[in-house]
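Engineer: Sharing a model that was predicted from the sequence below.
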Amino acid sequence: MYRLISEISPNFLIQGFGLHQDENEIYVGKVGGQEVQLIPIDHLHSDHFQADEKDTKIFSVGFAEADSHFRSGDVLMTGSDDLLDRAFRAMDEMEQRGVVVSLTPPQDSKHLYLCKDQMNPFVQEWRSRKFSFLCLWMVDPVDSEGQAKLVSILRKVILKD
């Protein structure tokens, strides 16, 4: 099972993955034979991730503001090593710049920090529960081309299974 979480309007994910509403009004579909479920960030809570769901992979997409460390169009990411490796390979194929960031203030200046207060508690929980997860944030502006890049990266990562 794949869980997609979006902090921006999820229409591009619904279209990009061919999702449809089920009887519970949740967007679902299949990608590469795997079930995909879309969860808007404002509906996200810990109950979506049960302890017995170790095969669940979590993908989160959103946006980040440009600053002195990040350029418009960069993809910022954090996640488990397995999915970060896949994301880097996908971005290399697309010639897309990807930057690994930390959601907690760094102890040293070598790590780049991104303040995502709404996502940080979930990311920390996923890490502690050893879920496979990948968070991707496109640096503003997130236009239709940026949304298409996010969908392409996610599709490449998912289809590697």
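Structural biologist: Here it is on my side, so go on.
Engineer: Quickly find the element holding the residue sitting nearest the centre point of the chain.
Structural biologist: Central residue of the chain (Cα atoms, centre = their mean): residue 60, 2.6 Å from the mean position. Here residue 60 sits within strand 57-64, counting by DSSP states H and E.
Engineer: So in that sheet, which strands flank the helix or strand that that strand is followed by, and in what orientation?
Structural biologist: Using DSSP H and E, the next helix or strand after strand 57-64 towards the C-terminus is strand 75-79. Counting by DSSP bridges, the strands paired with strand 75-79 are strand 98-100 (parallel), strand 132-139 (antiparallel).
Engineer: Quick check: residue 113 touching residue 107?
Structural biologist: No. Applying Cβ atoms under 8 Å as the test, residue 113 and residue 107 come out as separate, 10.5 Å apart. C-beta here means a position set from N, CA and C on the backbone, and glycine is covered the same way.
Engineer: ok, the two, which is more surrounded?
Structural biologist: residue 113 (13 against 8; other Cβ atoms under 10 Å).
Engineer: Please report how far the more buried one lies from residue 8.
Structural biologist: 21 Å (Cβ to Cβ, to the nearest Å).
Engineer: Ok, residue 82 next?
Structural biologist: Residue 82 is 25 Å from residue 8, where distance means Cβ to Cβ.
Engineer: More neighbours: which of those two?
Structural biologist: Neighbour tally, residue 82 and residue 8, criterion other Cβ under 10 Å: the higher count belongs to residue 8, 18 against 14.
Engineer: Can you verify the more buried one is assigned to a helix?
Structural biologist: No. Counting by DSSP: H, G, I helix; E, B strand; the rest coil, residue 8 falls outside a helix, being coil.
Engineer: Can you give me every residue that contacts it?
Structural biologist: The contact partners of residue 8, by Cβ atoms under 8 Å, 6 or more residues apart in numbering, come to 61, 62, 63, 142, 147.
Engineer: Those residues: which two are farthest apart?
Structural biologist: Maximum pairwise distance among the contacts of residue 8 (Cβ to Cβ): 11.2 Å, between 62 and 147.
Engineer: Mutual contacts of those two, please.
Structural biologist: By the contact definition Cβ under 8 Å, 6+ apart, residue 62 and residue 147 are jointly contacted by 8, 138.
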